[in-house]
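Engineer: okay, structure incoming, though there's no sequence with it:
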């Protein structure tokens, strides 16, 4: 179920990027989601984007961060920590 939620999040971030920046790239969306995972606070997220050359308007950055924080599964496929058994 988490994988499906993650794929939905990637799709939503792609759509937002396409609408606001004109680039709806899946790899870019996954990278931005990973930056959010690594920088969960808005100021940290903004700094991480700036360090990586992103020049998004503040309102879009804030909206994107809020969207990702709200929709991301508890543990994304990018998290490679100790995993639980996926048996039923």
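Structural biologist: Received the coordinates, thanks. It should be emphasised that the depicted structure is a prediction, and the values quoted were computed from it without experimental measurement. Numbering: from 1, shown residues only.
Engineer: pLDDT weak spots in the protein?
Structural biologist: Applying pLDDT under 70 to the chain picks out residues 75-88.
Engineer: as a check, name the ranges of all helices in it.
Structural biologist: Ranges of helices in the chain, per DSSP state H, are 2-21, 26-38, 42-51, 58-71.
Engineer: what sits up against stretch 46-54?
Structural biologist: 31, 32, 35, 38, 39, 56, 58, 61, 65 (Cβ atoms under 8 Å, 6 or more residues apart in numbering). C-beta coordinates here come from the backbone N, C-alpha and C atoms, glycine included.
Engineer: what of stretch 31-42?
Structural biologist: Under Cβ under 8 Å, 6+ apart, the answer for stretch 31-42 is 9-10, 13, 17, 45, 47-49, 52, 61-62, 64-65, 68-69, 72, 76, 78-79.
Engineer: try 10 Å
Structural biologist: 6, 9-10, 13-14, 16-17, 25, 44-49, 51-52, 54, 56, 58, 61-62, 64-69, 71-72, 75-79 (Cβ atoms under 10 Å, 6 or more residues apart in numbering).
Engineer: can you check stretch 10-19 too?
Structural biologist: Residues contacting stretch 10-19 (Cβ under 10 Å, 6+ apart): 23-33, 36, 56, 60, 63-64, 67-68, 71-72, 76-77.
Engineer: just to revisit the earlier point, buried subset of the contacts of stretch 31-42?
Structural biologist: Listed as buried from the contacts of stretch 31-42 are 6, 9-10, 13-14, 16-17, 45-46, 48-49, 54, 56, 61, 64-65, 68, 72, 76; burial here means 16 or more other Cβ atoms under 10 Å.
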